[in-house]
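Asker: Sequence plus the predicted model coming up.
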Amino acid sequence: MSGQQAGNSSPIDTTVAHPARRYDYLLGGKDNFEADRESARRIEEQMPTIRLTAQENRWFLHRAVRFLAERGIRQFLDIGTGIPTSPNTHQIAQEADPTARIVYVDNDPLVLVHARALLTGDPRGRTAYLEADLRDPQKILDRPEFAEVLNLAEPVGLLLVAVLHFIRDDDNPKQIIDTLVDALPEGSFVAATHVTLEYMSPEQFAAVRATAERQTAARSGAELAALFTHPRLQLVEPGAQSVARWWPEGAPQPRPPVEQVACNGILAQVGPPTR
């Protein structure tokens, strides 16, 4: 496989919790520091099912990639990929087609350290890793390494898994999504997940809200759907729903109740360019 990594890595600050490393800890990974673990423990005190939420979010990613691969998607743009946790996007995509091509993007310098794990796959396919920030989507699209791996004349599966809730309203998340969708050809798909507090009891909501909103911009399913109102996007059923309810027949059983999973998922197909 032809793999490449690019980006000017900034120093890793191990004293400040980072979302990618905290997520790694919640999934049982080893690539995290005490600041990340302490941050996760504080959240877990108020949200005891946070580890289940992290796992269900990851399983959503697996099922989404398989769903798109079954529909002929052979290119993936995975933004906010996080620290490698097998199986990764390229491993699932290349099960369906060994020639599948993937570009991973993350803004955590620690992910760059582990990028080689993202670049090992079927030699008939191709992957690249870019250190870049979702807040500047055009910069991602303009990178020469992007064009070397992904062909925007063919459909792409855009993955925004567990990343949009780190984009505050004043960063204009809808404009970010619109910029990416504008670049995608007809037949592409966008899959995303997002932290939500809407399924909690009033008591838990009150306990969690202050902590959660310091870490993320928690949004309801309706607010998530509002970010995907681009005229070229058509939402796929069941719309903005708990990740526990997406493709349940292909998920581990039994399915947890939505009250235990503080995360929604959404999937949309990209239509022809608007005139």
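Answerer: Done, it's in. Numbering: from 1, shown residues only.
Asker: Please report how far the residue nearest to residue 133 when sequence neighbours are not counted lies from residue 41.
Answerer: Spatially, and ignoring its direct neighbours in sequence, residue 133 is nearest to residue 107 (4.3 Å; C-beta to C-beta, 6 or more residues apart in numbering). Glycine gets a C-beta too; all of them are placed from N, C-alpha and C. Between residue 107 and residue 41 the computed distance is 24 Å (C-beta to C-beta, to the nearest Å).
Asker: more crowded one of those two?
Answerer: residue 107 (22 against 12; other C-beta atoms under 10 Å).
Asker: how close does the more buried one sit to residue 191?
Answerer: According to C-beta to C-beta, residue 107 and residue 191 sit 20 Å apart.
Asker: Residue 34 too?
Answerer: Applying C-beta to C-beta, one obtains 33 Å for the distance of residue 34 from residue 191.
Asker: the more surrounded of these two?
Answerer: Neighbours of residue 34 and residue 191, each counted by other C-beta under 10 Å, are more numerous for residue 191; the result is 24 against 10.
Asker: Burial check on the nearest residue to the more buried one once chain neighbours are set aside, number of neighbours?
Answerer: Leaving aside its chain neighbours, residue 191 sits nearest to residue 64 (4.2 Å; criterion: C-beta to C-beta, 6+ apart). Residue 64 has 25 neighbours, counted by other C-beta under 10 Å.
Asker: circling back to that earlier point, spit out the contact partners of the residue nearest to residue 133.
Answerer: Shown in contact with residue 107 (C-beta atoms under 8 Å, 6 or more residues apart in numbering): 131-134.
Asker: Count the neighbours of the spatially closest residue to residue 155 that is not a sequence neighbour for me.
Answerer: In space, residue 155 comes closest to residue 187 once its chain neighbours are excluded; the distance is 3.9 Å by C-beta to C-beta, 6+ apart. For residue 187, the neighbour count with other C-beta under 10 Å is 15.
Asker: didn't residue 187 look like it was pressed against residue 269?
Answerer: Yes. When contacts are counted by C-beta atoms under 8 Å, residue 187 is listed as touching residue 269 (7.5 Å).
Asker: chain center to stretch 253-271, what's the gap?
Answerer: Computed by C-alpha atoms, centre = their mean, to the nearest Å, the chain-centroid distance of stretch 253-271 equals 13 Å.
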